[in-house]
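[1] Task: produce atomic coordinates for the following.
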Amino acid sequence: MSSRPQRSNVKGLSASSVRQAMNKRRNELSSQIRKTKKSHQLKLKRRHTSSKSPTKDAASPITPSECLQKFLASPTIFTLSEFQTNLSTSKQNSSLPLHEIPTQQADMLLKNLLTFLASANAEECLNSLRIFTNLAAMECSESYYSSRQSWCSFMLSSTLTTALVPLLSSKDGRVQEQTCWVIGNIAGDSHQCGGDLIAQNMIGALLEVLRRNGHNGIKRNIVWCLCNIARGTETAMPFIQSGFGVLDVLNILSNEDDLDSMPVSTWDVRKELYWLLAFLTCREDEVIEGLMNDQVLLILSRHFDQITTFTLDKRDRGTLFKSAVPLIRIFGNLATAADGKYIPGIINADNNAIVHSLAKWVQVYMPCGEIMTIASEVTWVAGALLCDNGYESHPSTTVACPVLVPSLCRILLKGTFTLQWKREVLNAIWNALAAPPGSNPEETMVKRDMLLLEIYRERGMARALVGMLVCLDVDAIRPAINMLDAMHRRMDRYDDNSHSILREAECEHALEQVCDSATTNASYGGATDWQQSDGGMDYCAEMAANLIDDFYGSEQEADFSIGAASTSGSFEFGLQGHAPTFNFTNSHDSAQSTITLDPMSSPAGRGRGRGRGRGRSMPAWMGGD
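    Take a look at the predicted model:
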């Protein structure tokens, strides 16, 4: 057997140049993260804006700070209105930073605003709420890097929430709506603010108003407030403990469609509810039990089918288009929860409507960038639904696999799609080929072999997989090299020319590049200092080196027997000696200490890489949305 390619230090690059490049990338990434975090915080908030221009006479204040001083000197309805108008027409997100105002003046401002908030005059109350809304919507530019307090945290230190609860039930719809804006802005400021609102039982107060009010505008604002609270919590149990359940979900979902109603339609309310369910269902499994049943799933499947048809046929970018992503994430959260308990229900719902709707998103002819972004998330859900492929009579095997896998394979055969989408496609297909989590691999081997054979026989598929090995994205390389490894070791029993076909696809050259990439990416130390990473580039390089040794190693290649030989519940594929190989059976046999285990598998079926399979509920790249 030929010796395995040796790893060395960086090729053609000095350590200092690599360090400089890495420092530059790290600084650029840090800057981008800061900018993204700020814009994400502002995106969760709403400002009250006004078309009314402030007066321009010489005696009139022209800045929010001057208006503030005038209001504090004489707190009347006129100075209150002037202050509110000035904040509403300001074009700056941080026109009145809290840290630039003396503590005594800030306390006096809060006290005066709370006084107007309790006024029987609706205009005084409304202007006070609008000021609270705009103050809460301001960006605290230094709050990420210092202990400076934001306006929202400052407001929560007072009795504001106590004063807001009665206003949620006000007979004036404008007051109700503006109260929701204040609460939603505070909840969207930070995790700490959301937690404080939960501690003050704001969820229960919002739910009580939601059940009593039938106006779509108020419903949408209340559900939006709940969304901002939910997205920042580590647990969704406070919602269940506050009484939010299936009946509340059905109450909103079962309303008649009125897409053309103005100014707020039923679909606007549903869109906010979808996001709320997406945030809640990615938490504890007990929350899903409290929010989902067959009736809810049936309605969601029909809504998803309607959204898919309307969006793809008419290329519409309105409310229905914006409802697609949260619905897709709900299905993904359900599929990855409770060890696959909900997968049969998702696939079978409404005569497999969800599966066919998912397939439509990946079959779009010449999709635009927005469609490809949604299709990437659709592919993540498809991969979760394919995890149980191999079981006899399981919907993953009988329904999801025949519908989804052919469509996914066609994505790899086209070069015009994004790497992000192809990465998800590779992992989805590999979920279908790997042994189901927690299963006996031998029981599902025949079904999975037949699927592998169909993929292998797809024209151009082998070359497409080889092409993914040189993309320098380890999350795409890992499933691609796993599939190529399985083809090398199992397809010869169905096709005597399999090794020649893989060689003609330039597989050997691509495998050598994978080995070279692993050594090039090492900036410090020697090979003896390296530590193996689970599923990283080291794993891919190990797989590539094994394939080169076993199938492209000069004259000795003919001496290998590729027939299957089962030992202790795992497969060695007839290999002799101690060359580590991919364990296609997904088994952890302690006796085979030299076997390289698949990083996407474990006894419990978890750890399948960035949220695929049944690990985390969402890939890491979804976290910023």
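
[2] how about low-confidence regions in this protein?
    1-61, 91-94, 139-148, 257-264, 316-317, 319, 519-535, 554-625 (pLDDT under 70).

[3] One more pass at 50, please.
    The model of the chain has pLDDT under 50 over residues 1-15, 38-42, 51, 54, 58, 141-146, 523-530, 555-621, 624-625.

[4] got the buried residues for the helix or strand residue 548 falls within?
    Under the criterion of DSSP states H and E, residue 548 resides in helix 537-551. Residues of helix 537-551 classed as buried: 537-551 (neighbour count, 16 or more other CB atoms under 10 Å). C-beta coordinates here come from the backbone N, C-alpha and C atoms, glycine included.

[5] Okay, residue 114 and residue 164: tell me how far apart.
    10 Å (CB to CB, to the nearest Å).

[6] swap in residue 70?
    26 Å.

[7] who has more neighbours, those two?
    With neighbours defined as other CB atoms under 10 Å, residue 70 and residue 164 compare such that residue 164 has more, 21 against 18.

[8] so what's the residue nearest to the more buried one when sequence neighbours are not counted up against?
    Excluding the flanking residues, the one nearest residue 164 by CB to CB, 6 or more residues apart in numbering is residue 179, at 5.5 Å. Residue 179 sits next to 129, 164, 167-168, 170 when contact means CB atoms under 8 Å, 6 or more residues apart in numbering.

[9] same thing but 7 Å
    For residue 179, the contact set (CB atoms under 7 Å, 6 or more residues apart in numbering) comprises 129, 164, 167-168.

[10] Repeat that for residue 347.
    355, 385, 395-396, 399-400.

[11] at 10 Å instead, please
    335, 353-355, 385, 388, 394-396, 398-400, 403 (CB atoms under 10 Å, 6 or more residues apart in numbering).

[12] which one is it nearest to, not counting chain neighbours?
    Excluding the flanking residues, the one nearest residue 347 by CB to CB, 6+ apart is residue 395, at 3.9 Å.

[13] So what does that neighbour look like in phi/psi?
    phi -60, psi -30 (degrees, to the nearest 10).

[14] next one: residue 552
    Main-chain torsions, residue 552, degrees, to the nearest 10: phi -130, psi 30.

[15] Next: residue 473.
    The phi/psi pair for residue 473 (degrees, to the nearest 10) reads phi -110, psi 110.

[16] Any figure for the gap between it and residue 485?
    Distance, residue 473 to residue 485, by CB to CB: 18 Å.

[17] So between these two, which is more surrounded?
    A direct count of neighbours by other CB under 10 Å for residue 473 and residue 485 places residue 485 higher, at 24 against 15.

[18] how much space is there between the more buried one and residue 422?
    On the measure of CB to CB, residue 485 and residue 422 end up 19 Å apart.

[19] And stretch 509-516, what's buried?
    Those would be 510-515, for stretch 509-516 by 16+ other CB under 10 Å.

[20] ok, and what's touching it?
    Stretch 509-516 has contacts (CB under 10 Å, 6+ apart) with 4-7, 11, 463, 465-470, 472, 474, 477, 480-481, 484-485, 503, 520, 537, 540-548, 551-552.

[21] just to revisit the earlier point, any chance of the contacts of residue 347 in JSON lines with neighbour count as columns?
    Shown next, in JSON lines, are the contacts of residue 347 (neighbours: other CB atoms under 10 Å):
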{"residue": "335", "neighbour count": "30"}
{"residue": "353", "neighbour count": "18"}
{"residue": "354", "neighbour count": "29"}
{"residue": "355", "neighbour count": "25"}
{"residue": "385", "neighbour count": "31"}
{"residue": "388", "neighbour count": "27"}
{"residue": "394", "neighbour count": "20"}
{"residue": "395", "neighbour count": "20"}
{"residue": "396", "neighbour count": "25"}
{"residue": "398", "neighbour count": "15"}
{"residue": "399", "neighbour count": "18"}
{"residue": "400", "neighbour count": "29"}
{"residue": "403", "neighbour count": "17"}
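
[22] contacting residues around residue 343?
    By CB under 10 Å, 6+ apart, the contact list for residue 343 reads 334-337, 384-388, 394-396, 400, 614.

[23] Alpha carbons of stretch 487-498, in PDB - could you do that?
    Presented in PDB, the C-alpha positions along stretch 487-498 are these (Å, rounded to 0.1, in the frame of the first residue of the first chain):
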ATOM      1  CA  MET A 487     -19.800   5.200  -4.000                       C
ATOM      2  CA  HIS A 488     -16.200   3.900  -4.100                       C
ATOM      3  CA  ARG A 489     -16.800   1.200  -1.500                       C
ATOM      4  CA  ARG A 490     -20.300   0.000  -2.400                       C
ATOM      5  CA  MET A 491     -21.100   0.700  -6.100                       C
ATOM      6  CA  ASP A 492     -18.800  -1.900  -7.500                       C
ATOM      7  CA  ARG A 493     -21.200  -4.600  -6.600                       C
ATOM      8  CA  TYR A 494     -23.800  -3.000  -9.000                       C
ATOM      9  CA  ASP A 495     -21.500  -1.600 -11.600                       C
ATOM     10  CA  ASP A 496     -18.100  -3.200 -12.500                       C
ATOM     11  CA  ASN A 497     -17.000   0.100 -14.100                       C
ATOM     12  CA  SER A 498     -17.700   2.200 -11.100                       C
END
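
[24] Can you give me the buried ones in it?
    Buried residues in stretch 487-498, counted by 16+ other CB under 10 Å: 487-492, 498.

[25] And for stretch 230-248?
    Using 16+ other CB under 10 Å as the test for burial, stretch 230-248 gives 230-233, 236, 238-240, 242, 244-245, 248.
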